[in-house]
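J.: Build me a model:
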Amino acid sequence: MEHPEDEVVALTSELITIDTTNPGTYGGPGPERAAAEWVAARLSEAGYDPEYVESGAPGRGNVIARLPGADPSRGALLIHGHLDVVPADPAEWTVHPFGGEVRDGFVWGRGAVDMKGMLAMTLAVARHFKRAGVVPGRDLIFAFLADEEAGGVVGAQWLVTHRPGLFAGATEAISEVGGFSVQLGDGPRAYLVETAEKGSMWLRLAARGTSGHGSLLHTDNPIATLARALDRLDRHRFPVVLTDPVRSFLTLSGVPFDERDPEAALEHLGHLRRLIEPTLRDTATATIVSAGTKSNVVPSVARAELDGRTLPGRDEEFRAELGRVLGPGIEVEWDSLPAVATTFDGDLVAAIGAAVDAEDPGARLLPYMLAAGTDAKAFARLGIRHFGFAPLRLPPELDFTALFHGVDERVPVSALRFGTRVLDRLLRTA
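T.: Okay, here's the model as predicted:
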């Protein structure tokens, strides 16, 4: 291909057809191997010598390739993304979620947005650089990773612990979630750049009581105890805390913003409100509830799992407040990954701005905090600064944030081609 954008749509479609649904468990073979081997083959075709690594469990495939730059003394740039996707029920979709169908100007399928489209853009540019003999300013490390959708336990976290040499010399990274365009009011188009993300906390709750026959009266039914606690939590709102990344976003966005009432600014964000609102406070959302084995037996324990997300520096306050809301009789265990943040400055930020402006003159960048988590949490342990930047120019009417993990996930063909051009410019000059 003469231009990387000419193959990005086909690469995206092919990658979607490889079902890499992450089961969220670690007892069986992982889903990423076939996709990782496919990526490795595409890199090898272009002249790379990629390394395939299984991270901590069979089938948890990762692929890493390095392209030497003109100045080895400069810190390497890591371009990373995850191969795994969340589940999708074909019965709910307009098209088959693993069909990779190109229709109505979109590539459809699970992972089109999160994040096989970005992987395809990265792969297209990496292949073009090698074939065309492009020498970037510094080393580029391309990493296609496993298990991000379950916290990277047998993905980036494992690699950082056991194979840190794969990322030797890397000082900065780009990946999800950012780079897509937004239109706020009548101002110029803006492209989000993630500079921070909330901490992740996976909580396991248990309520215990006396098991017995369902026909009898029970005063300590653990299901009822847990249900009351979850109802209190559902109605609870953690306090608004205005952090520096959110303050920067709201200040630079141009929407009306009063620090004394940051929630009022949300009314002016349109579809983007869904992404920004949870960055004003901690959250804890019930996602799994289980109890009982038979309809006429009261169980001795009822369990639930929560998805907790904490603002930087709020972990202790969050756990204390959560305990007060849940009340007595609820046992709580958790695993967590810390919040990460970097400043919105430096040569890489300038290069991102220049690459965007070259393809969309007059556009601007907006730093923001992500409410979810990415593999940036793992790479922060190596001192690598992370910027969420997967460039896409989107039609303003598209509710893009609703497509993350959503039904009928899809990405515009024009956005993929645009993003590939931006990424090509960026990786030459970053």
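
J.: use CA for all of it now, contacts and neighbours both
T.: Will do.

J.: Tell me the secondary structure at the spatially most central residue of the chain.
T.: Central residue check for the chain by Cα atoms, centre = their mean: the C-alpha nearest the mean position is that of Thr374, 4.4 Å away. Per DSSP: H, G, I helix; E, B strand; the rest coil, the local secondary structure of Thr374 is coil.

J.: Please list all residues in contact with it.
T.: In this structure, Thr374 makes contact with 148, 151, 176-177, judged by Cα atoms under 8 Å, 6 or more residues apart in numbering.

J.: where's the dip in pLDDT among those?
T.: pLDDT is lowest at Gly151 among those; the value there is 89.

J.: What's the separation between that residue and Leu370?
T.: 15 Å (Cα to Cα, to the nearest Å).

J.: Between these two, point out the one with more neighbours.
T.: In terms of neighbours (other Cα atoms under 10 Å), Leu370 is the more surrounded of Gly151 and Leu370; the figures are 27 against 21.

J.: in this structure, what spans have low per-residue confidence?
T.: Across the chain, residues meeting the criterion (pLDDT under 70) sit at 1, 27.

J.: about what we covered before: which pair in the contacts of Thr374 spans the largest distance?
T.: Greatest spatial distance among those (Cα to Cα): Gly151 and Val177, at 14.9 Å.

J.: would you list every one of the helices in this structure?
T.: Shown for the chain, the helices assigned by DSSP state H span residues 5-16, 33-46, 117-132, 156-162, 222-235, 244-253, 273-276, 315-326, 347-359, 376-379, 413-429.

J.: Buried deepest among those, which one?
T.: For the helices of the chain, the largest average neighbour count (mean count of other Cα atoms under 10 Å) is found in helix 376-379, namely a mean of 25.

J.: coming back round to it: with distance to Ser215 added, can I get the contacts of Thr374 in TSV?
T.: Written out in TSV, the entries for these read as follows (distance: Cα to Cα, whole Å):
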residue	distance to Ser215
Glu148	46
Gly151	43
Glu176	53
Val177	52
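
J.: Most neighbours of all the residues you listed, which one?
T.: Neighbours here are counted as other Cα under 10 Å. On that basis the top member of the contacts of Thr374 is Glu176, with 27 neighbours.

J.: Give me the number of neighbouring residues for the closest residue to that residue other than its chain neighbours.
T.: Nearest residue to Glu176 in three dimensions, chain neighbours excluded: Gly388, at 4.6 Å (Cα to Cα, 6 or more residues apart in numbering). Gly388 has 25 neighbours, counted by other Cα under 10 Å.

J.: Same check on the one 4 residues further on?
T.: By other Cα under 10 Å, 28 other residues sit near Leu392.

J.: can you check the one 5 residues further on too?
T.: One way to gauge burial is a neighbour count; for Glu397, by other Cα under 10 Å, it gives 9.

J.: quick one, phi psi at it?
T.: phi -80, psi -10 (degrees, to the nearest 10).

J.: same thing with Ala363?
T.: Main-chain dihedrals, Ala363, degrees, to the nearest 10: phi -70, psi 160.

J.: From what I see, it and Leu184 are in contact.
T.: No: using Cα atoms under 8 Å, Ala363 is not in contact with Leu184, being 11.8 Å away.

J.: Overlap of the contact sets of these two?
T.: Here Ala363 and Leu184 share the contacting residues Ala190, scored by Cα under 8 Å, 6+ apart.

J.: what about the nearest residue to Thr210 once chain neighbours are set aside, distance to Leu326?
T.: Nearest residue to Thr210 in three dimensions, chain neighbours excluded: Ser300, at 5.2 Å (Cα to Cα, 6+ apart). In this view, Ser300 and Leu326 are 19 Å apart by Cα to Cα.

J.: just Ala284 next, same as before
T.: Between Ala284 and Leu326 the distance, using Cα to Cα, works out to 11 Å.

J.: Then Pro90?
T.: 36 Å.

J.: Convert the C-alpha atoms of stretch 212-219 to CSV, please.
T.: Extracted C-alpha coordinates of stretch 212-219, given in CSV (Å, rounded to 0.1, in the frame of the first residue of the first chain):
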residue,chain,number,x,y,z
GLY,A,212,-33.0,-22.3,56.6
HIS,A,213,-36.2,-23.3,54.9
GLY,A,214,-37.8,-20.6,52.8
SER,A,215,-41.3,-21.2,54.3
LEU,A,216,-40.2,-20.0,57.8
LEU,A,217,-39.8,-16.5,59.1
HIS,A,218,-36.2,-15.1,58.9
THR,A,219,-34.9,-12.0,60.5
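
J.: Tell me the gap between it and the middle of its chain.
T.: Centroid separation between stretch 212-219 and its chain, computed with Cα atoms, centre = their mean, to the nearest Å, is 45 Å.

J.: which ones are touching Arg228?
T.: Taking Cα under 8 Å, 6+ apart as the definition, Arg228 has no contacts.

J.: Tell me who's in contact with Arg74.
T.: Listed by Cα under 8 Å, 6+ apart, the contact set of Arg74 reads 138-139.

J.: at 10 Å instead, please
T.: With contacts defined as Cα atoms under 10 Å, 6 or more residues apart in numbering, Arg74 is in contact with 137-139, 169-171.

J.: same deal with Asp147?
T.: By Cα under 10 Å, 6+ apart, the residues touching Asp147 are 20-26, 30-32, 55, 60-62, 82-85, 153-158, 375.

J.: And Glu333, by the same measure?
T.: With contacts defined as Cα under 10 Å, 6+ apart, the neighbours of Glu333 are 201-206, 305.

J.: domain parsing for this protein?
T.: If you go by automatic domain parsing, the domain ranges for the chain are 5-195+340-429, 199-238+282-337.

J.: what about those domains, which gets the closest to Leu272?
T.: For those, the distance to Leu272 is smallest for domain 5-195+340-429, at 7.2 Å, taking Cα to Cα.

J.: tell me which residues in stretch 48-63 are buried?
T.: Counting neighbours by 16 or more other Cα atoms under 10 Å, one finds that the buried residues in stretch 48-63 are 48, 50, 52-56, 58-63.
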